[in-house]
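Asks: Sequence plus the predicted model coming up.
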2 protein chains.
Amino acid sequence: MKIKLLVVGKTSSLNLQTLINDYVKRINHYMKFEIIMINNSKLKKINPLELKKIEGNNILKKINEKDLVFLLDEKGESYTSLEFSNFIKKNIITRSKDIVFVIGGAQGFSKDLYNRCNSKISFSKMTTSHQLIRLFMTEQLYRAFTIINNNPYHNE
Amino acid sequence: MKIKLLVVGKTSSLNLQTLINDYVKRINHYMKFEIIMINNSKLKKINPLELKKIEGNNILKKINEKDLVFLLDEKGESYTSLEFSNFIKKNIITRSKDIVFVIGGAQGFSKDLYNRCNSKISFSKMTTSHQLIRLFMTEQLYRAFTIINNNPYHNE
């Protein structure tokens, strides 16, 4: 099993990508983890509602039937880092399915994606750019694995 | 008046610093804003409790008597981006004092700092590295000014 992070659109800055790559590498010491980018470069000049639907369908194509799907959504459930590590641990131990986290595009998630997901997770009540949240997500996932494995990184 | 962000220790990565600098520049289109780094490079090999106290005192030296001081603390009040922009607006409009946000070191805040602050703000229930939160904070402050000024950036 592995963990995947689906994101919409290229990471805009090389500086950001480099920071994210560092955490991806660190997470892979614990578990297979990859970020999959859904290309949206050909979807300019489409109205926001239509765009949301198309992006949603493109995301769904990358999700397998058995995957556990969690959307990063401001209105989702919020966790402390410790609770989030328990959430990861529980989903790893009790199931043999791949875990898929999804960060939506600037327009948010389509209805079909909301219907497909297992649950929604909120990292903050605040809205962050759909670019920066990639960095926070990977850092938090890395933090979760250090907590699960009792490695020094997180101070409670 | 201006807004200051006090942080403990050098920003560890040039990639991160570059991303932060971009938002600092953007915020300065709206209001004078600067990040002030409290040097802690000479404070190695000190026990965590002592370190927290010394860092706290060094932070307090950078705070003026009239400053409005807000600590970024997981146990503080949480806001949506819209609420945070209202918080900024209210503190800018109704007072002529400088606003100081403080991001603590890895050990958190000293008791004296908790006593001095006007209130605590939580960006997330999750713990983020005291490095990455600098980026999160500056993006959120930039977002707040775009909301206050009705500029396109934030999608509600």
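Replies: Alright, I've got the coordinates. Computed from a predicted structure; not experimentally measured.
Asks: what packs against the helix or strand where A:V100 lies?
Replies: Assessed by DSSP states H and E, A:V100 sits inside strand A:99-103. Where contact means 3 or more C-beta pairs under 8 Å, 6 or more residues apart in numbering or on different chains; DSSP states H and E, strand A:99-103 is packed against strand A:3-8, strand A:68-78, helix A:81-93, helix A:132-148. The way it works is simple: take the backbone N, C-alpha and C, and place the C-beta from them, glycine included.
Asks: That strand: partners in the sheet, and parallel or antiparallel?
Replies: strand A:3-8 (parallel), strand A:68-78 (parallel) (DSSP bridges).
Asks: quick one: is the lowest-mean-pLDDT helix or strand in chain A near chain B?
Replies: Within chain A, confidence by mean pLDDT, DSSP states H and E is lowest for helix A:48-61 among all helices and strands, at a mean of 91. No. Using C-beta under 8 Å from any C-beta of the partner chain, helix A:48-61 never reaches chain B; the gap is at least 8.6 Å.
Asks: before we move on, back to that, for the strands paired with strand A:99-103, could you give me a markdown table that also reports mean neighbour count and mean pLDDT?
Replies: Shown next, in a markdown table, are the strands paired with strand A:99-103 (neighbours: other C-beta atoms under 10 Å in any protein chain shown; pLDDT from 0 to 100):
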| stretch | mean neighbour count | mean pLDDT |
| --- | --- | --- |
| strand A:3-8 | 22 | 96 |
| strand A:68-78 | 18 | 93 |
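Asks: Put together a markdown table for those strands, with distance to B:P152 on each row.
Replies: Shown next, in a markdown table, are the strands paired with strand A:99-103 (distance: least, C-beta to C-beta, whole Å):
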| stretch | distance to B:P152 |
| --- | --- |
| strand A:3-8 | 19 |
| strand A:68-78 | 19 |
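Asks: looking at these, which is closest to A:L51?
Replies: In terms of C-beta to C-beta, the element of the strands paired with strand A:99-103 nearest to A:L51 is strand A:3-8, at 9.7 Å.
Asks: which strands and helices sit next to the helix or strand following that closest one?
Replies: Scanning forward in sequence from strand A:3-8 by DSSP H and E, the next helix or strand is helix A:14-27. Here helix A:14-27 touches strand A:33-38, helix A:132-148, helix B:14-27, going by 3+ C-beta pairs under 8 Å, 6+ apart.
Asks: Give me whichever of the ones you listed is most buried.
Replies: Sort the helices and strands packed on helix A:14-27 by mean neighbour count, taking mean count of other C-beta atoms under 10 Å in any protein chain shown, and helix A:132-148 sits at the top with a mean of 22.
Asks: okay, the angle between it and strand A:3-8?
Replies: Angle of helix A:132-148 versus strand A:3-8, following axes from the mean of the first three to the mean of the last three C-alpha atoms, to 10 degrees, is 170 degrees.
Asks: Distance from helix A:132-148 to the middle of the chain?
Replies: Helix A:132-148 has its C-alpha centroid displaced from the chain centroid by 10 Å (C-alpha atoms, centre = their mean, to the nearest Å).
Asks: List of residues touching the strand holding A:V100?
Replies: With C-beta atoms under 8 Å, 6 or more residues apart in numbering or on different chains as the test, strand A:99-103 has contacts from A:1-8, A:59, A:62-63, A:67-72, A:88, A:91-92, A:109, A:113, A:117, A:121, A:130, A:133-134, A:137, A:141.
Asks: Show me the beta-bridge partners of the residue positioned nearest the centre of chain A.
Replies: With distances taken as C-alpha atoms, centre = their mean, A:F101 lies nearest the centre of chain A, 3.4 Å away. Per DSSP bridges, the residues bridged to A:F101 are A:L5, A:F70.
Asks: which SS class is the residue of chain A most remote from its centre?
Replies: Going by C-alpha atoms, centre = their mean, the residue of chain A most distant from its centre is A:K45, 26.1 Å out. Three-state call for A:K45 (DSSP: H, G, I helix; E, B strand; the rest coil): coil.
Asks: again, but for A:Y114
Replies: helix.
Asks: quick one: contacts for it?
Replies: Under the criterion of C-beta under 8 Å, 6+ apart, the neighbours of A:Y114 are A:L71, A:K120.
Asks: and if we set it to 10 Å?
Replies: Counting by C-beta atoms under 10 Å, 6 or more residues apart in numbering or on different chains, A:Y114 makes contact with A:G56, A:L71, A:D73, A:G108, A:K120.
Asks: Among those, find me the one that's closest to chain B.
Replies: Closest approach between the contacts of A:Y114 and chain B, by C-beta to the nearest C-beta: A:G108, at 7.9 Å.
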